[in-house]
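In: could you work out the structure for the sequence below:
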Amino acid sequence: MTPPPLHDPMPTVLVVDDEVRSQDALRRTLDEDFTVFTASSAEEARGLLQRQPVSVILCDQRMPGMTGVNFLKEVREQWPDIVRIVISGYTDSEDIIAGINEAGIYQYILKPWSPDHLLESVRNAVEAQVLQQQTARLDLELRTSTRVLRQRTATQMAQAKSHFGFDRIVRAPGSPLDHICRMAERAARYDIPVLVLGESGTGKELLARAIHYASPRLTGPFVVENCAAIPDTLLESELFGHKRGAFTGAFEDHAGLFQRADGGTVFLDEIGETSPAFQVKLLRVLQEGEVRPVGAPRPVPVDVRIIAATHRNLEQRVREGLFREDLYYRLSAVALTVPPLRERVADIPPIARQIVRDVAGELGHPGAELTDETLACLLAYPWPGNIRELRNEIGRALALHDGSALPPAAFSPRVLQGRAAGGGGDLTAALPASGSLTERLDVIEAMVLRETLLRHRWNKTKAAAELGLSRVGLRAKMQRFGLDKP
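Out: Residues are numbered from 1 along each chain as shown. Below is the predicted model:
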């Protein structure tokens with residue numbers, strides 16, 4: 001692979017895997033956001049690392065000659081600033097623990113991996129490296145200029161509070177989110193647990209961050225753990241910590257997430273995926289205000305606020321015996337439900353435009369914008385993946401389309417059809433709450449055309465006859481609204 005220019009603005013990722021098909025799959029997932037290098041062995045990877053700066057390493061665990069953990073131990077010693085991630089199809093807890101303790105891995109991703117989850121993990125890894133470098137620089141400045149550092153920290157804190165504030169949660173005037181944000185802002189003042197409910201991709205973590213930065217704990221850490229991303233056997237160690245020698249592979253003390261978040265907020269995403277056994281231990285932490293690291297003789301006091309989130313119906317899981325009722329009531333002192341995007345259709349235009357501005361800036365395409373026809377298609381689609389899916393679709397369109405105006409044809413067929421698997425086009429839900437009469441009529445016309453074509457399996461003659469149009473007239477309208485057979 002030809003190395004990029006020395007001043008390549010994209011972060012670099014090194015994929016180490018002896019299987020070419022795995023390399024190709026990882027490259028296809030990452031190469032829109034990162035400069036991707038590949039190596040088929042630890043030896044080849046070493047040679048590349050000596051020539052090329054790398055931000056993140058994705059390494060397969062089982063490789064001929066040397067395991068991924070052993071290779072990453074070497075990387076930790078020679079290139080400690082590189083963020084290290086292991087990918088494995090094996091759930092051997094000893095391998096995972098060894099990776100965390102010996103190789104200092106950032107994350108252990110299990111196969112088969114989800115492209116969205118993998119991409120988000122690598123993005124977070126790059127951000128972690130940048131923050132680590134910034135922290136190191138701040139530590140150096142602390143020894144030379146305490147006053148300047150204090151001023152800079154105060155400025156950064158004010159910027160963070162502004163960036164993650166409730167007013168930065170994009171929505172239309174009169175959005176259902178207005179009421180949710182008002183309740184969340186009121187709850188933020190008090191040191192009580194908050195439970196955020198809603199489908200995946202609705203922005204639950206964004207709301208949790210806003211609560212943290214509106215609370216008296218804003219100067220403390222805000223730490224995140226996805227409870228569904230870690231095997232349940234390791235979740236206790238990750239959150240509560242462990243002592244050296246507590247189990248095989250525990251070669252040093254490990255401070256858990258609760259200890260690292262002392263004085264701040266812990267955001268436990270996908271809390272509904274935890275086992276009843278773990279729920280008992282979490283309940284004790286909430287009741288006693290202390291954690292007991294695995295293998296520790298005595299508990300450690302912690303001062304944290306808990307914000308939990310889930311896409312599950314926890315009340316239903318309580319009735320099914322899958323979630324402890326006492327833990328549910330402990331977590332849900334304030335319960336907030338973030339509605340899905342299809343129930344707040346008027347929010348789609350401002351959110352989509354903001355995403356276009358953000359992503360276009362990241363991709364170096366300033367001035368990109370959505371056409372009216374494209375907005376009509378976006379309004380008609382129910383977005384089962386919510387804002388996360390919307391962002392992915394816009395990112396794909398910006399990456400693959402040339403030109404500043406994004407037409408409907410730049411989006412995937414399922415969006416153009418205005419429906420997802422198991423979903424359908426609801427004219428009432430799709431109709432924007434505001435806008436000109438022409439814009440609102442365009443949305444309805446596009447929906448009617450799409451539904452008719454789908455019902456007739458894209459037979460234009462039958463669809464045109466039902467709608468009272470000629471085939472030429474139907475074809476012109478299909479072109480106008482970006483409708484085409486997938």
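In: quick one: the helices in the stretch 301-450 of the chain?
Out: Secondary structure of the stretch 301-450 of the chain (DSSP state H, counting those that start in this stretch): helices located at 314-319, 325-331, 348-363, 372-380, 386-400, 413-417, 427-430, 437-455.
In: and the last one, what other elements does it pack with?
Out: Identification of packing neighbours for helix 437-455 by 3 or more CB pairs under 8 Å, 6 or more residues apart in numbering; DSSP states H and E yields helix 372-380, helix 413-417, helix 427-430, helix 460-467, helix 471-481. Backbone N, C-alpha and C define where each C-beta goes, glycine included.
In: 7 Å - rerun?
Out: Here helix 437-455 touches helix 372-380, helix 427-430, helix 460-467, helix 471-481, going by 3 or more CB pairs under 7 Å, 6 or more residues apart in numbering; DSSP states H and E.
In: one more: the second one?
Out: The criterion is 3+ CB pairs under 7 Å, 6+ apart, and the helices and strands that helix 325-331 contacts are helix 276-288, helix 314-319.
In: turn these into CSV, columns for mean pLDDT, mean neighbour count and distance to Ser237.
Out: Output for the helices and strands packed on helix 325-331, formatted as CSV (pLDDT from 0 to 100; neighbours: other CB atoms under 10 Å; distance: least, CB to CB, whole Å):
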stretch, mean pLDDT, mean neighbour count, distance to Ser237
helix 276-288, 92, 15, 11
helix 314-319, 94, 15, 24
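In: for Gly47, which of those is the nearest?
Out: Of all the helices and strands packed on helix 325-331, helix 276-288 sits nearest to Gly47, with 43.3 Å by CB to CB.
In: next one: the helix or strand following that closest one to chain centre, how far?
Out: Heading C-terminal from helix 276-288, the first helix or strand you meet, by DSSP states H and E, is strand 290-291. In terms of CA atoms, centre = their mean, to the nearest Å, the centre of strand 290-291 is found 28 Å from the chain centre.
In: and stretch 459-466, by the same measure?
Out: Between the centre of stretch 459-466 and the centre of its chain there are 43 Å (CA atoms, centre = their mean).
In: just the buried residues of that stretch, please?
Out: Buried positions in stretch 459-466, judged by neighbour count with 16 or more other CB atoms under 10 Å: Lys460, Ala463, Ala464.
In: quick revisit: in CSV: the helices and strands packed on helix 325-331, plus distance to Gln417.
Out: Below are these laid out as CSV (distance: least, CB to CB, whole Å):
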stretch, distance to Gln417
helix 276-288, 41
helix 314-319, 31
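In: any idea which of the helices of the stretch 301-450 of the chain is most buried?
Out: helix 372-380 (a mean of 23; mean count of other CB atoms under 10 Å).
In: what about dumping the CA coordinates of stretch 228-245 to PDB?
Out: Provided in PDB are the C-alpha atoms of stretch 228-245 (Å, rounded to 0.1, in the frame of the first residue of the first chain):
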ATOM      1  CA  ALA A 228     -24.000  -4.400  26.100                       C
ATOM      2  CA  ALA A 229     -20.500  -4.100  24.700                       C
ATOM      3  CA  ILE A 230     -18.600  -6.000  27.400                       C
ATOM      4  CA  PRO A 231     -19.100  -9.600  28.400                       C
ATOM      5  CA  ASP A 232     -21.000  -9.700  31.700                       C
ATOM      6  CA  THR A 233     -18.100 -11.600  33.400                       C
ATOM      7  CA  LEU A 234     -15.900  -8.500  32.900                       C
ATOM      8  CA  LEU A 235     -18.400  -5.800  33.500                       C
ATOM      9  CA  GLU A 236     -17.900  -5.900  37.300                       C
ATOM     10  CA  SER A 237     -14.200  -5.500  36.900                       C
ATOM     11  CA  GLU A 238     -14.500  -2.700  34.400                       C
ATOM     12  CA  LEU A 239     -16.900  -0.700  36.500                       C
ATOM     13  CA  PHE A 240     -15.800  -1.500  40.100                       C
ATOM     14  CA  GLY A 241     -12.100  -2.400  39.500                       C
ATOM     15  CA  HIS A 242     -10.000  -5.300  40.800                       C
ATOM     16  CA  LYS A 243      -6.900  -6.000  42.800                       C
ATOM     17  CA  ARG A 244      -3.800  -7.600  41.600                       C
ATOM     18  CA  GLY A 245      -4.000 -11.400  41.800                       C
END
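In: circling back to that earlier point, lowest average pLDDT across the helices and strands packed on helix 437-455?
Out: Ranked by mean pLDDT, those bottom out at helix 427-430, which scores a mean of 47.
In: and the longest helix for this structure?
Out: In the chain, taking DSSP state H as the definition, the longest helix is helix 115-142.
In: buried stuff in it?
Out: Leu118, Leu119, Ser121, Val122, Ala125, Val126, Gln129.
In: could you do stretch 242-258 as well?
Out: Under the neighbour-count criterion of 16+ other CB under 10 Å, stretch 242-258 has His242, Ala246, Gly249, Ala250, His254, Gly256, Leu257, Phe258 buried.
In: separation between Glu44 and Val15?
Out: Distance, Glu44 to Val15, by CB to CB, to the nearest Å: 11 Å.
In: quick one, which of these two is more surrounded?
Out: Using other CB atoms under 10 Å, the more surrounded residue of Glu44 and Val15 is Val15, with 24 against 14.
In: please identify the helix or strand for the more buried one.
Out: Per DSSP H and E: strand 12-16 holds Val15.
In: not counting sequence-adjacent ones, nearest residue to Arg353?
Out: Among residues not flanking Arg353 along the chain, Leu370 sits closest, at 6.7 Å (CB to CB, 6 or more residues apart in numbering).
In: just how off-centre is stretch 350-370 within its chain?
Out: From the chain centre to the centre of stretch 350-370 is a distance of 18 Å (CA atoms, centre = their mean).
In: my guess is Phe258 contacts Arg292. True?
Out: No. With contact defined as CB atoms under 7 Å, Phe258 does not count as touching Arg292 (10.5 Å).
In: spatially nearest residue to Ile306, not counting backbone neighbours?
Out: Closest residue to Ile306 apart from its sequence neighbours, by CB to CB, 6+ apart: Pro193 at 4.6 Å.
In: any chance you could map the helices in the stretch 101-250 of the chain?
Out: Taking DSSP H, counting those that start in this stretch as the criterion, the stretch 101-250 of the chain contains helices spanning 115-142, 146-163, 176-188, 204-213, 232-240.
In: which secondary element of the chain has the worst mean pLDDT?
Out: The helix or strand of the chain with the poorest confidence is helix 427-430; it has a mean of 47 (mean pLDDT, DSSP states H and E).
In: re the thing from before, and the residue nearest to Ile306, its phi and psi?
Out: Backbone geometry at Pro193, expressed as degrees, to the nearest 10, gives phi -70, psi 150.
In: so it touches Tyr329, yeah?
Out: No. Look at Pro193 against Tyr329 with CB under 7 Å: they stay out of range, at 9.9 Å.
In: pLDDT score for Asp167?
Out: Model confidence at Asp167, given as pLDDT, is 88.
In: try Ile192
Out: Predicted confidence (pLDDT) at Ile192: the value is 94.
In: run a quick neighbour tally on the closest residue to it other than its chain neighbours.
Out: Nearest non-adjacent residue to Ile192, counting by CB to CB, 6+ apart: Ala333, 4.3 Å away. Look at Ala333: counted by other CB under 10 Å, it has 13 neighbours.
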